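Q: got a sequence here, can you build the structure:
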Amino acid sequence: MSDARKPIAVIAFGGNALLRPQDHGTQEEQFTLAWKATRWLAEIIHRGYELVIVHGNGPQVGNIMIQVEEAITKIPPQTLDVCVAQTEGSIGYMLQNQLRNRLLEEQIAKPVVTVLTEVEVSREDPAFENPSKPVGPYFTAYRANQLMQEQGWLMVEDAGRGWRKVVPSPVPKRILDVEVVKHLVASGAVVIACGGGGIPVYQDVGGYFRGVEAVIDKDYSASLLAQELCADLFIILTQVPQVAENYGRPNQRWLDRLTVSKAKEMLEAHQFPPGSMGPKIRAAVQFVEKTGKEVLITDAEHLKDALARKAGTFLVPDGKED
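A: Numbering: from 1, shown residues only. Coordinates of the predicted model:
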């Protein structure tokens with residue numbers, strides 16, 4: 001890192017940071033939670049980092065799909081890529097607005113900007129042959145059958161709670177707007193990018209980019225973005241303060257440090273569920289292997305202490321256990 005360049009931190013957190021299961025989902029609630037989130041986001045800036053933010057959008061996209069279903073006889077439905085773009089705009093605006101206010105309050109002169117980010121995926125990705133990511137509301141068996149016949153949706157029954165649409169979740173190949181993000185970060189801006197994993201697009205035979213009915217895991221996109229930015233620290237926020245071995249079992253053990261080899265060993269042993277910690281660990285491993293830098297995994301409550309290396313789990317290259 002040259003003396004002229006400030007270190008860069010990329011942070012990824014879920015959409016439930018702004019829309020929790022117990023919430024009504026009002027704008028007021030989400031603005032309030034965005035304001036609370038800016039407290040720990042500003043802490044990263046106080047630590048001397050340029051900041052890039054990647055947020056999730058699962059609950060918010062689900063709500064849009066409920067709105068689409070309720071208005072199906074009045075307004076034409078929207079494709080999933082457009083729904084992702086909508087949440088990139090709305091969540092980005094709330095975070096941008098509240099973080100700008102936080103920085104003004106703390107007398108930090110930094111612009112904040114949201115980039116509507118398209119992320120390229122491959123149409124040859126195996127995920128398109130095996131859609132498995134549940135999205136949107138629960139339907140009755142009757143309505144699910146209608147949607148499968150009329151819209152061509154793939155639906156699965158979800159643990160007795162109803163039927164849900166499942167879509168592909170392909171691996172991100174390329175962030176189309178990464179040079180714009182680099183320019184903004186170099187200029188000193190806080191950048192919100194790759195929201196919800198980014199808008200999924202593919203390149204057709206003519207070279208044109210087309211939106212596709214899919215969702216991209218935000219942790220994988222955040223890892224790819226952090227690699228492209230040569231980030232000095234990649235932060236993944238979770239619902240737990242540290243990564244644990246044998247989580248939820250009598251022999252559970254919290255981990256302060258985790259090497260790439262140990263993380264891979266635990267993945268092979270199915271220590272990390274695919275619907276929660278699994279993608280986060282895989283995204284972290286990809287970043288460390290590519291850059292040789294560290295990944296911090298913790299929750300919002302412990303982030304300040306974790307930035308001071310007093311909490312959280314640091315995933316590190318092999319040979320850096322201590």
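
Q: any idea which helix is longest in this protein?
A: Of all segments of type helix in the chain, defined using DSSP state H, the longest is helix 80-105.

Q: in that helix, what's buried?
A: By 16 or more other C-beta atoms under 10 Å, the buried positions in helix 80-105 come out as 80-81, 83-88, 90-92, 94-100, 102-103. Quick note: C-beta positions are derived from backbone N, CA and C, even for glycine.

Q: next secondary structure after that helix?
A: Sequence-wise, the next helix or strand downstream of helix 80-105 (DSSP states H and E) is strand 112-114.

Q: quick one: distance of whatever helix or strand comes next after that following strand to the chain centre.
A: On the C-terminal side of strand 112-114, the nearest following helix or strand under DSSP H and E is strand 118-120. Distance of strand 118-120 from the chain centroid (C-alpha atoms, centre = their mean, to the nearest Å) equals 14 Å.

Q: quick one: L116 and Q86 touch, right?
A: No: L116 is beyond contact range of Q86, at 10.1 Å (criterion: C-beta atoms under 8 Å).

Q: got a list of what the closest residue in space to R174 that isn't next to it in sequence touches?
A: The shortest distance from R174 to any residue that is not its chain neighbour, by C-beta to C-beta, 6 or more residues apart in numbering, is 4.3 Å, and that residue is E120. For E120, the contacting residues are P172, K173, R174, I175, L176, V201, Y202, Q203, F209, by C-beta atoms under 8 Å, 6 or more residues apart in numbering.

Q: if you set the cut-off to 7 Å instead, what comes out?
A: For E120, the residues meeting the contact criterion (C-beta atoms under 7 Å, 6 or more residues apart in numbering) are K173, R174, L176, V201, Y202, Q203.

Q: again, but for W35
A: Q98.

Q: now the host helix or strand of it against helix 80-105, angle please.
A: Secondary structure assigned from DSSP H and E places W35 in helix 27-46. Following axes from the mean of the first three to the mean of the last three C-alpha atoms, to 10 degrees, one obtains 60 degrees for the angle between helix 27-46 and helix 80-105.

Q: so after helix 27-46, what's the next helix or strand?
A: Beyond helix 27-46 on the C-terminal side, the first helix or strand identified by DSSP H and E is strand 50-55.

Q: so in the chain, where's the weakest helix or strand by average pLDDT?
A: Comparing every helix and strand of the chain by mean pLDDT, DSSP states H and E singles out strand 133-139 as the least confident one, with a mean of 86.

Q: after that one, heading C-terminal, what element do we hit next?
A: Next helix or strand after strand 133-139 toward the C-terminus (DSSP H and E): helix 141-150.

Q: I'd assumed I175 was in contact with T117.
A: Yes: under the criterion of C-beta atoms under 7 Å, T117 lies in contact with I175, with a separation of 6.4 Å.

Q: settle it for me: which of the two has more neighbours?
A: Here T117 and I175 are set side by side on neighbour count (other C-beta atoms under 10 Å), and the busier one is T117, at 27 against 23.

Q: residues touching the most centrally placed residue in the chain, list them.
A: Closest residue to the average C-alpha location of the chain: K218 at 2.9 Å, with C-alpha atoms, centre = their mean. With C-beta under 7 Å, 6+ apart as the criterion, the residues that contact K218 are A12, V54, G56, C194, G196, G197.

Q: how much space between the last one and R249?
A: When you say that, I think you mean G197. According to C-beta to C-beta, to the nearest Å, G197 stands 31 Å off from R249.

Q: skipping its backbone neighbours, what lies nearest L307 in space?
A: Nearest residue to L307 in three dimensions, chain neighbours excluded: R47, at 5.3 Å (C-beta to C-beta, 6+ apart).

Q: report how many residues lie close to the one you found.
A: R47 has 14 neighbouring residues, counting by other C-beta under 10 Å.

Q: check S221 too.
A: Burial of S221 is recorded as 25 neighbouring residues (other C-beta under 10 Å).

Q: tell me which element it falls in.
A: For S221, the secondary-structure element it belongs to, assigned by DSSP H and E, is helix 218-228.

Q: rounded mean pLDDT for that helix, please.
A: Confidence for helix 218-228, expressed as mean pLDDT, is 98.

Q: that helix versus strand 50-55: what angle between them?
A: 160 degrees.

Q: what's the following helix or strand after helix 218-228?
A: Next in sequence after helix 218-228, counting helices and strands by DSSP H and E, comes strand 233-237.

Q: other SSEs contacting the next helix or strand after that following strand?
A: Helices and strands here follow DSSP H and E; after strand 233-237, the next one along the chain is strand 243-245. If contacts are counted by 3 or more C-beta pairs under 7 Å, 6 or more residues apart in numbering; DSSP states H and E, strand 243-245 sits against strand 253-255.

Q: which is the next helix or strand following the strand it packs on?
A: Downstream of strand 253-255, the first helix or strand assigned by DSSP H and E is strand 257-259.
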